Structures are given as C-alpha cells and as structure tokens.
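> no letters, just coordinates:
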C-alpha cells in the first residue's frame, strides 16, 4: 500500500516538474521572440546609447590621475627591536593627514615652479593609507598626464622631506634641552664637591654633600646616555617604492568604460522597450504570436499570393489527418478581422478535399446545420457574421480553423474565438496565416452548396483544371 502511494506521489512530482520545465521554455521563447521581432528598436537604442556616451566624452574633460607609493619608516632609537611592530609604532591616519597638508603642498610647489600652486595641489591630492600597514599611496589629478606625474612625485618627496626635517628638529630640541640641563647639574655637582671638601668627614653635612654628589652624577649620566641615543636616531622619513614616473596613469572618465556603458545602457533600454511593446501589441505579427502566445498551431502560412496554393495543400493534408482521427463531420473556417472575404479559400479547400476522395459541401455560417452522413461539411464564418450565427456554426462543427491576417487580426478577437469554440465544445486544430489585404475587400460571398449537389471527384471537372482554376482565383486575390 505504501509503495503504491510513493509511486503515485513520485509520478505526480515528475509531471509537475515537466510542466514547470515546459512553462519555463515557453516563457524564454516569448522573451526571445520579443527581442528578435523588435531588433530594429534595440539596435536604435543601442546606437543612441553609444552616441550619448560619445557626446559625454566630448563634453566632459578628461582627468589624469598619477599615483606614487611611499614606504613610511618609524623614527625610533631602536626601529628594529624584535618586540616592536612598525605598524604599531606608526599612526598612519595622522601620517595621511600630514601628507595632504598645506605645509607639504607648499614645500612641493617650490620644486614644481609655476605649473602648480599650493592650494590647487592640495585640492587635487588624495592620500590613502592602511591602518595595519606602513605604506601610503598619494594620488594627484590634473588636466595633463605630465602635470599629474610631476605633482605626485613632488608631493611624495616633499612629504618625506618634511617628515625627516620635523623629526630632526624635534631631536635637536630635546638634545639641546638635555645639554642645558646637564650644564645646570654640573654646576650643582661642583657646589656639592666643594661642600664635601670643607665639611668634617663623617659629619651630617659631609654625608649630605656626598649623597648629592652621587645623585647628580647619576642624573648627568642618564642625560648623556639619552643624548647619545637621540643623536644616533635615523631621521629618514621613508622611501618612494613606486615613483609616479613609473606607474600607470588612470584616466577619468575612461573612454572604453564610457562607451561600453553607453552601449550596455542603450541595449538594456531597447530590450525593456521591446518587452513592453511586445506585451502591449494588439495584432498578430507572425506565427510565433499564434504558437507561443495563443498556443494555436499554424496549419499553413504564406506571404505572397503565389505561395497560397502550396500552403493550402499542406493545410488540407493536415486537416484530413485530424478529421480522420476525430471522425469529424463538420469543419468551421472562422475568418477573423482583416482576413480576405470573399475568399477563394472556400472553393480551393473543397476542391482539394474532393480530390482526396472526401465528399464535401460548403456552407456559410447562417446556413449551417447538422452535417449529412458521409459528407464533410465546410462551414465558412465571415468576419461580419453575427455572434449568434457564429456560435451556431461552432456548435455544429467538430473542428475549427481560424483564418488570420498578418498585422490586421487582433489578438483579442482570436482569444474570443478560442473561448467561443471551447464553450461550444469545438476543437480548434490550428490557424491559417494569410498576408495582409485591404479591409474594404468586397464582392459576392460564396453561396451555400447543398449536400445533394455534392459529387465525388469523378462527377466534377477534371482534377487538374479545378486546382488550376482555384490557384488562379487565389492569385487574383
């Protein structure tokens, strides 16, 4: 019991998966049809996007951005201590602020001459530094490549020089202060020695003078040691890793990127417009509208009158097959708006059916009734048929063929016919897609042909003459 339920469930899931896959392929087919059918629109919007990008490149001046990378050295008495990380010693955020300061820009301008001023160079500079690294990137933008390279190179050198000079000045200030302090301590040491020499040995005053002498000697030694350490500090601020003269200069806006963006944007707009217009279309443009959108098979299609006969013969063979399978006794040809009427299709189809050994009669919708046993009834429903007569014709018909005119027949009209056929329990087997004809086509409508007058092929005119005559009628149409 459980195995049967599992099998049924698996079969249902498989069928659902197949339906989803088929639906997905149909949706993709619709999208592709929309793109293919409206390729001129997509091509036009793509060209417009390319043109807009070209105009943008002409209107917006190009900016050249030169970069240089600088390694920042920690200025310390022992920069290579194993227990100290250089990135922890340096405050790269503060270093970036220093590199983009007016002081450094003013120092860089001194080596650049008149091509830069300090304020302009500072505004054109961008400095970036990682918090956990000891490298810094300096970027300078300008209207010329050479100007940008010169500005970036001069700014990097000025930053390193300013950093080195500031460290040297700070060390010199500390050393000078320590030397002055040592001078004061030596005077105090001299006084303490003099006091020790005049005081009796072992007296409290002598002990105090001796203690002062030792303390002063320790302080002087500490200051001398610090001076020695400071004088040994390397004040080199860093080095240029990637000179501006050797790096690639970026150009903004990029011509390649701007043109590619214009083409992509134009193509996207075209595709969206194609989908929107395709979804709002009102008439049948081609076979894909019938097959993919309305799910109606195309039995025959032709664009020129000279091709009509071959297409009708193909459609007739398909109808004969379907009529045989479903044991149809009546086939309705529903002519939608724009389809040619009066049409040679009625007589041509009847002739071809008879040539294939099928007794056939042709009637109009207002004369349709129950089919005579053994005789296939072809019911033709003109575009101007009243709704009641159309429904009556569909009610007595087993199969339905929709006759559609390109670019004239409205999709809504076909949908209404499909709904009416479904309501009357008539099977729509397909459509005939005909070329566009003037909507004011006039002429006498074919008369209903009584079933009693229907003969077989041997009672009618010779086969070749009838088919040729019908073909000439189609060509004339």
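Good, I have the coordinates. Keep in mind that what you see is a predicted model, and the values were worked out from it rather than measured. Numbering: from 1, shown residues only.
> what is the strand ranked longest in the chain packed up against?
Secondary structure of the chain per DSSP state E: the longest strand is strand 63-72. Helices and strands touching strand 63-72, by 3 or more Cβ pairs under 8 Å, 6 or more residues apart in numbering; DSSP states H and E, are helix 92-99, strand 135-142, helix 145-198, strand 238-242, strand 250-252. All C-beta atoms are positioned from the backbone trio N, CA, C, and that covers glycine.
> burial-wise, tell me which of those comes out on top.
strand 135-142 (a mean of 22; mean count of other Cβ atoms under 10 Å).
> show me how the protein divides into domains.
Using automatic domain parsing, the domain ranges for the chain come out as 35-56+262-280, 63-252, 287-476.
> quick check: which of those is buried the most?
domain 287-476 (a mean of 18).
> for the stretch 351-477 of the chain, what spans make up the helices?
387-395, 411-423, 463-476 (DSSP state H, counting those that start in this stretch).
> worst average pLDDT in these?
Here those differ in mean pLDDT, and the lowest is helix 463-476 at a mean of 40.
> that older thread, please convert the helices and strands packed on strand 63-72 to JSON lines, extending it with mean pLDDT and distance to residue 352.
As requested, those are exported to JSON lines (pLDDT from 0 to 100; distance: least, Cβ to Cβ, whole Å):
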{"stretch": "helix 92-99", "mean pLDDT": "88", "distance to residue 352": "88"}
{"stretch": "strand 135-142", "mean pLDDT": "92", "distance to residue 352": "79"}
{"stretch": "helix 145-198", "mean pLDDT": "90", "distance to residue 352": "78"}
{"stretch": "strand 238-242", "mean pLDDT": "90", "distance to residue 352": "84"}
{"stretch": "strand 250-252", "mean pLDDT": "88", "distance to residue 352": "71"}
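> could you dump these into JSON lines and include distance to residue 59?
Listed next are the helices and strands packed on strand 63-72 as JSON lines, based on distance: least, Cβ to Cβ, whole Å:
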{"stretch": "helix 92-99", "distance to residue 59": "34"}
{"stretch": "strand 135-142", "distance to residue 59": "18"}
{"stretch": "helix 145-198", "distance to residue 59": "21"}
{"stretch": "strand 238-242", "distance to residue 59": "33"}
{"stretch": "strand 250-252", "distance to residue 59": "14"}
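> now for the ones you listed, which one comes closest to residue 224?
Closest to residue 224 of these is helix 145-198 (Cβ to Cβ; 6.8 Å).
> helices or strands up against the helix or strand just after that closest one?
Once helix 145-198 ends, the next helix or strand along the chain (criterion: DSSP states H and E) is helix 204-231. Using 3+ Cβ pairs under 8 Å, 6+ apart as the contact test, the elements touching helix 204-231 are helix 145-198.
> angle of the helix it packs on against strand 135-142?
140 degrees (axes from the mean of the first three to the mean of the last three Cα atoms, to 10 degrees).
> what is helix 145-198 packed up against?
strand 63-72, helix 92-99, helix 102-112, strand 135-142, helix 204-231, strand 238-242.
> helices or strands next to the third one in the packing?
Spelled out, that is helix 102-112. Right, helix 102-112 is packed against helix 118-123, helix 145-198 by 3+ Cβ pairs under 8 Å, 6+ apart.
> kindly recompute the last result at 10 Å.
When contacts are defined as 3 or more Cβ pairs under 10 Å, 6 or more residues apart in numbering; DSSP states H and E, helix 102-112 sits against helix 118-123, strand 125-129, helix 145-198.
> Serialize those to a markdown table and add fields for distance to residue 382.
Output for the helices and strands packed on helix 102-112, formatted as a markdown table (distance: least, Cβ to Cβ, whole Å):
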| stretch | distance to residue 382 |
| --- | --- |
| helix 118-123 | 80 |
| strand 125-129 | 77 |
| helix 145-198 | 77 |
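> among the ones you listed, which is nearest residue 70?
Using Cβ to Cβ, the nearest of the helices and strands packed on helix 102-112 to residue 70 is helix 145-198, at 5.2 Å.
> quick one: low-confidence parts of the stretch 201-350 of the chain?
278-281 (pLDDT under 70).
> now do the strands in it.
Taking DSSP state E, counting those that start in this stretch to define them, one finds strands in the stretch 201-350 of the chain at 238-242, 250-252, 298-301, 330-335.
> run me through the strand neighbours of the longest one, direction for each.
Read it as strand 330-335. Strand 330-335 has the following strand partners under DSSP bridges: strand 376-381 (parallel), strand 399-405 (parallel).
> right, so of these, which gets closest to residue 226?
strand 399-405 (101.8 Å).
> on that earlier part again, nearest to residue 32, out of the strands paired with strand 330-335?
Between the strands paired with strand 330-335, strand 399-405 lies closest to residue 32; by Cβ to Cβ that is 21.7 Å.
> so which of the helices and strands packed on strand 63-72 comes closest to residue 380?
The nearest among these, by Cβ to Cβ, is strand 250-252 at 70.0 Å.
> circling back to that earlier point, in CSV: the strands paired with strand 330-335, plus mean pLDDT and distance to residue 292.
As requested, the strands paired with strand 330-335 are exported to CSV (pLDDT from 0 to 100; distance: least, Cβ to Cβ, whole Å):
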stretch, mean pLDDT, distance to residue 292
strand 376-381, 91, 25
strand 399-405, 94, 15
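> make TSV out of the ones you listed and add distance to residue 237.
Supplementary listing: those in TSV, determined by distance: least, Cβ to Cβ, whole Å:
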stretch	distance to residue 237
strand 376-381	95
strand 399-405	83
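> relative to residue 67, how far out is residue 170?
Going from residue 170 to residue 67 by Cβ to Cβ, to the nearest Å gives 30 Å.
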